[in-house]
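*Asks:* can you look at this prediction? I've put the sequence above it.
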Amino acid sequence: MTAGPTARPGGLGVDEARRLAELPPSPAVWCSGLRKRYGRQTAVDGVSFTVGRGEIVGLLGPNGAGKTSVIKILLGLVRPDAGEVLLLGRPARDPRSRARVGYLPELFRYQPWLTPGEVLALHVRLAGVAVPAEERRACLATVGLADRADDRVGGFSKGMQQRLGLAVALVARPELVVLDEPTSALDPVGRADVRDLLLALRSRQVAVLLNSHLIGEVERVCDRVVILDKGRVAAAGSLPELLGRRELRLRLGGVSAGAEQRLAAVGPLTRDGDSFTVALPAEADPTTVPDLVADLVALGVRVHAVEPGRISLEERLLGILRAGREGDR
């Protein structure tokens, strides 16, 4: 007699349990067909997107596009009229899903009589997790507040309060972090610190959903972008997908026919006097540009300037939004 697969708790056989263990983890965020109306105003209209584990996704759009409403639906703060949400593989309405989510809202206030250390201790208790005091202090150091841990929050500037908000979002060891305008009150140094922090989170496979009006910050750190307009997804994709082809702009002297052929071998070439623009192939590797410049110099070309170029995310965003306005006329 052949024995069947050994049973496991919950009724799973060994083979089935092994198969499930080998499946990739569910997305950090999965939402489909989200809709929300406030009276006669449609705030969210059929929004669907995902955020993968260890992925940074930017949420962009003008004021009133529905970004904050979408975030509130994802976090269970607002009940959608239609649609589904899964956080870390569980329904968003399940408290166990939200227990592993860190959140920095756009508008927040902390009790002014507390110190940053006390604020973190309070939020750790609310999250129901055990985080040692040393780890909480390290979290404050991560956001640049190590030397203010015993000061009263009431004396903090807006930028310092925003740093504290970041620490609150991170202190309970989240697997997903949702940040709503996390750098609006920060100076350039503070914004650079947040960029470094986001990249560190990604390296630890922590997913990040970032809502920001600072498009340059989104372009620097995000793997993918979701653009909302009038409550709908107007465009979504990776930055290369949204921004199109890359270009190389060069200012050259003494360009021979052979040198011009070498330029054209890289990609479609246009010339305007001593200015040359080469469309780089999508599969161009990191050696394409330095090899090209080395070959041009070997051919006797004087290289005055080399500048990589591509449409900016801001230009692409404005183009999408303007096209949407024209389509509504």
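*Replies:* That came in fine, so what should we check first? Numbering: from 1, shown residues only.
*Asks:* how about stretch 64-73: buried residues?
*Replies:* By neighbour count on 16 or more other CB atoms under 10 Å, the buried set for stretch 64-73 is 65-73. Every C-beta, even on glycine, is put in place using the N, C-alpha and C of the backbone.
*Asks:* and the contacts of it?
*Replies:* Residues outside stretch 64-73 that contact it (CB atoms under 8 Å, 6 or more residues apart in numbering): 31, 34, 36, 43-45, 47, 59-61, 78-80, 83, 85, 92, 106, 178, 180, 209, 211, 228-232.
*Asks:* looking at the residues you listed, which are in strands?
*Replies:* Among the contacts of stretch 64-73, DSSP state E puts 31, 34, 36, 43-45, 47, 59-60, 83, 85, 178, 180, 209, 211, 228-229, 232 in strands.
*Asks:* coming back round to it: which of the buried residues of stretch 64-73 sits closest to Leu198?
*Replies:* Leu198 lies nearest to Ile71 out of those, by CB to CB, at 16.5 Å.
*Asks:* gap between the closest one and Asp147?
*Replies:* Taking CB to CB, to the nearest Å as the criterion, Ile71 is separated from Asp147 by 32 Å.
*Asks:* ditto for Arg90
*Replies:* From Arg90 over to Asp147 the distance is 39 Å, taken as CB to CB.
*Asks:* ranges for the helices of the stretch 151-300 of the chain?
*Replies:* Applying DSSP state H, counting those that start in this stretch to the stretch 151-300 of the chain gives helices spanning 158-170, 188-203, 215-221, 239-243, 257-266, 288-298.
*Asks:* so which of these is the most packed in?
*Replies:* Ranked by mean neighbour count, those are led by helix 158-170 with a mean of 21 (mean count of other CB atoms under 10 Å).
*Asks:* so what touches that one?
*Replies:* So helix 158-170 is contacted by 102-105, 108, 110, 116, 119-120, 123, 139-140, 142-145, 148, 153, 156, 177-179, 182-187, 190, 194, 197, 201 (CB under 8 Å, 6+ apart).
*Asks:* ChimeraX command for the buried members of those residues?
*Replies:* A single ChimeraX command selects the buried members of the contacts of helix 158-170 (16+ other CB under 10 Å):
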select :102,103,104,105,110,116,119,120,123,139,140,142,143,144,145,148,153,156,177,178,179,182,183,186,190,194,197,201
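*Asks:* sort out for me which of the contacts of helix 158-170 are in strands.
*Replies:* 102-104, 177-179.
*Asks:* any idea how far Ala43 is from the closest residue to Val177 other than its chain neighbours?
*Replies:* Setting aside the residues directly before and after it, Val177 is nearest to Gly102 in space (CB to CB, 6 or more residues apart in numbering), at 4.4 Å. Distance of Gly102 to Ala43, computed by CB to CB: 24 Å.
*Asks:* got it, and Asp81?
*Replies:* 10 Å.
*Asks:* joint contacts of these two?
*Replies:* Counting by CB under 8 Å, 6+ apart, the shared contacts of Asp81 and Ala43 are 36-37.
*Asks:* compare the two (neighbour count), which wins?
*Replies:* Neighbour totals were compared for Asp81 and Ala43, and Ala43 leads with 24 against 14 (other CB atoms under 10 Å).
*Asks:* so who does the more buried one touch?
*Replies:* Counting by CB under 8 Å, 6+ apart, Ala43 has contacts 36-37, 66, 69, 231.
*Asks:* for the nearest residue to Ile215 once chain neighbours are set aside, grab the count of nearby residues.
*Replies:* In space, and not counting its chain neighbours, Ile215 is closest to Glu314: 4.7 Å by CB to CB, 6+ apart. Applying other CB under 10 Å, we find 13 residues neighbouring Glu314.
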